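Participant: compute the structure for the input listed below.
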Amino acid sequence: MKIPMVKKLPQLVPQQVYRPSQDDIPDGKEQRLELKKLAVDYIAQHKPVPPISLDDLRICCDTIIKEQNVDPVYRDFLAILLNNEMWRDTLATVPYERRLLLLPKCLRVEDKCPAPFDEFGLLCKQCGLCSIQDLQNEAERLGYAVLVAEGSAIVMAMIQTGKIDAIVGVSCINVLEKAFSYMEAAAIPGVAIPLLQDDCKDTTVDLDWVWDVIHLTSDDHTYRLDLEALKVQVSKWFTPEALSDVMGSPQSQTEEIAQEWLARDGKRWRPFLTASVFKALQDDQSETPLPADLAKVAIAVECFHKASLIHDDIEDDDALRYGEKTLHEEYGVPVALNIGDYLLGEGYRLLASCDVSSEIISEMIRIASAGHRSLCLGQGTELCWTRDPQPLTSLEVLDIFSNKTAPAFEIALRLGALYAGVTDETIHDTLHTYSDSLGIAYQIRDDLEDLVEQEQWRPNKPSLLMSVVHEKSKKEQKELTTLLWKQDLTEKQIKEDIEPLLVTLDVDERCRHLLDSYKEQAIRSLTELDNPTLKGLLRRIVGKIFQVELKGWCHEFEAGDASGTAISA
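Facilitator: Numbering: from 1, shown residues only. From the prediction side, this is the model:
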């Protein structure tokens, strides 16, 4: 087969095949995204015609490594990204019922898994101990054939049936390499997702990556949408110059302080969600400039969020935000309170000034005010608790999360939809349900990060970790965990008594299980959406916010047990 790309490449001699170890994988999200961008840019520039041989694929990798000064240890990971990008558009055009999802058995919880094997692989018993059940059920619901079995032999057998036109494969890098030649020979489109650990037992995979790929369809235009570029564009709306253009040049010190506060660091998730939903609901997915008034809506969303942070910092007596003094520490409580109130009013003013129908403006203001009210009720519950701290159940803590954090996501998503002119109740109901699960998951993750990042873990507000350790503790430990809730423990007692108890009772594992459950619930809430582009976007958002860190690849490969194996949660 003619491969135009290869003719343009320098004739490099393929190097030895690198076997990435845990230390050889990009540690952070930014590095992985940079490698992915290199792969995307390379494919866009050279336009290779797949399939290409493994040697030619490695030549492509060597070219990128040489030209972009990439560490050679990332060579195999880059090869996976290149091959995936080459086949991505083709896979999207293949009907679900003509695809195979191949999962490895090592994803199961081996010591507890009740599933037997037959000649085709693992027969999942739907016990819920690992993620195989969820992936298999969702893929089969879409129409996939699903196998939890050995890579190379099964791939060849399925290809020979003539009933499979594309394969999504999850496995360690060794098995992916061995299956490559079979798929290349049959010219079968394939996208591979590598496992995260370098063992062959109880391994894990980036579930968000798998969900994104198995749902990939040409009807979903967002798989072409560059969310990273969109996020950069949204960030540009919050430079001092851009804020002055939208909000007007500051005429008073109050306006100066407010705009300076808006321009300070932040993840900008909420305005990004607003812009993303608007973009997903456009019929034209070309790179046309975003309308000017969309910046007004996004900045209004950030006004509401930054106002809540100002008030929250005062209520919690926090001294730092974004590594700098909080607003009340810098200007005093009265000024900070006033800036927060000003930002709320400014947010509503921006919404009211948008060039849309009065009905849309009215609905945007109604949704924003309802979210503001819910947030205050959740914060009020927390503040009233501080006057007489008592143990709260997990459900009570999650209810606070639902009221405090979820409304900000809902406002952002629904305002983006409304500005796009979408008033369909089914879509807005879905966005409400999705936001609730997303907001709770986001707050659970914050709780877990607080435990890891703070040198002295001393929670001063209701925490899921506190509720779980109290619920799981034995009778003789209840007095100690009750004192934790009452804020009556010293830092030494927390360090010596509570933190070891968190480990003994697997509190972290329980909270992470709840985090995964709410992420999954957010994804499942999208089932009724008829708009594949919006549905695809919201799936991608979950993966983008809750990015999984790659931890390494499997080094062990046993010929008799080469099959991939089932994915453990």
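
Participant: got the contact list for stretch 514-534?
Facilitator: Contacts made with stretch 514-534 from outside it, assessed by CB atoms under 8 Å, 6 or more residues apart in numbering, are listed as 134, 207-208, 211, 217, 219-222, 277, 280-281, 285, 394, 398, 426-427, 430, 433-434, 437-438, 440-441, 444-445, 448, 464, 535, 538-539, 542, 546, 569. For glycine as for every other residue, the C-beta is placed from the backbone atoms N, C-alpha and C.

Participant: among those residues, name the ones in strands.
Facilitator: Where those are compared with strands, as defined by DSSP state E, there is no overlap at all.

Participant: which among those count as buried?
Facilitator: Those of the contacts of stretch 514-534 that meet the buried threshold are 134, 207-208, 211, 217, 220-222, 277, 280-281, 394, 398, 427, 430, 433-434, 437-438, 440-441, 444-445, 448, 464, 535, 538-539, 542, 546, 569, by 16 or more other CB atoms under 10 Å.

Participant: let me see the ranges of the helices in the stretch 251-400 of the chain.
Facilitator: With helices called from DSSP state H, counting those that start in this stretch, the stretch 251-400 of the chain shows them at 253-263, 269-280, 292-316, 327-331, 333-352, 358-387, 394-404.

Participant: list the buried ones in the longest one?
Facilitator: Which is helix 358-387. Going by neighbour count (16+ other CB under 10 Å), the buried part of helix 358-387 is 360-361, 363-365, 367-368, 371-372, 374-376, 378-379, 381-382, 385.

Participant: and for the fourth one?
Facilitator: By neighbour count with 16+ other CB under 10 Å, helix 327-331 contains the buried residues 327-329, 331.

Participant: and it, how far out from the chain middle?
Facilitator: If you compare the mean C-alpha spot of helix 327-331 with that of the full chain, they lie 33 Å apart, counting by CA atoms, centre = their mean, to the nearest Å.

Participant: would you mind pulling up the elements that that helix packs against?
Facilitator: For helix 327-331, the packing partners by 3 or more CB pairs under 8 Å, 6 or more residues apart in numbering; DSSP states H and E come out as helix 253-263, helix 292-316, helix 333-352.

Participant: shaky segments in the stretch 251-400 of the chain?
Facilitator: Low-confidence segments of the stretch 251-400 of the chain, defined by pLDDT under 70, span residues 284-287.

Participant: could you rerun that using 80?
Facilitator: Across the stretch 251-400 of the chain, the ranges flagged by pLDDT under 80 are 265, 283-288.

Participant: in which helix or strand does Val49 reside?
Facilitator: Assigned by DSSP states H and E, Val49 belongs to neither a helix nor a strand.

Participant: going forward, count from 627.
Facilitator: Shifting the count to begin at 627 puts that one at Val675.

Participant: and it, backbone torsions?
Facilitator: Dihedral angles of Val675 (phi, psi; degrees, to the nearest 10) stand at phi -100, psi 110.

Participant: neighbours of it, how many?
Facilitator: Val675 sits with 13 neighbouring residues when counted by other CB atoms under 10 Å.

Participant: re earlier: closest one to Gly816 out of the buried residues of helix 953-957, please.
Facilitator: Each of these was checked against Gly816 using CB to CB; the closest is Leu953, at 52.4 Å.

Participant: please name the nearest non-neighbouring residue to that closest one.
Facilitator: Distance criterion CB to CB, 6 or more residues apart in numbering; nearest residue to Leu953, sequence neighbours excluded, is Ala962 at 4.2 Å.

Participant: give me every residue that touches that neighbour.
Facilitator: For Ala962, the contacting residues are 936, 939-940, 952-954, by CB under 8 Å, 6+ apart.

Participant: now, which of these sits nearest Gln885?
Facilitator: Of all the contacts of Ala962, Leu953 has the smallest distance to Gln885: 12.7 Å, by CB to CB.

Participant: and the closest one, how far is that from Arg725?
Facilitator: With the distance defined as CB to CB, to the nearest Å, Leu953 ends up 52 Å from Arg725.

Participant: what helix or strand is the residue nearest to Phe1172 when sequence neighbours are not counted located in?
Facilitator: Using CB to CB, 6+ apart and skipping the chain neighbours, the partner closest in space to Phe1172 is Lys1145 (5.8 Å). Assignment of secondary structure by DSSP H and E places Lys1145 within helix 1133-1150.

Participant: just the CA trace of that helix, in CSV.
Facilitator: Coordinates of each C-alpha in helix 1133-1150 appear next as CSV, following Å, rounded to 0.1, in the frame of the first residue of the first chain:
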residue,chain,number,x,y,z
VAL,A,1133,-11.5,5.9,54.3
ASP,A,1134,-9.6,7.1,51.2
GLU,A,1135,-10.7,4.1,49.2
ARG,A,1136,-14.4,4.6,50.3
CYS,A,1137,-14.3,8.2,49.3
ARG,A,1138,-12.6,7.4,45.9
HIS,A,1139,-15.3,4.8,45.3
LEU,A,1140,-17.9,7.5,45.9
LEU,A,1141,-16.0,9.9,43.6
ASP,A,1142,-16.0,7.3,40.8
SER,A,1143,-19.7,6.6,41.5
TYR,A,1144,-20.7,10.2,41.0
LYS,A,1145,-18.5,10.6,37.9
GLU,A,1146,-20.2,7.5,36.5
GLN,A,1147,-23.6,8.9,37.5
ALA,A,1148,-22.9,12.1,35.7
ILE,A,1149,-22.1,10.1,32.5
ARG,A,1150,-25.2,7.9,32.9
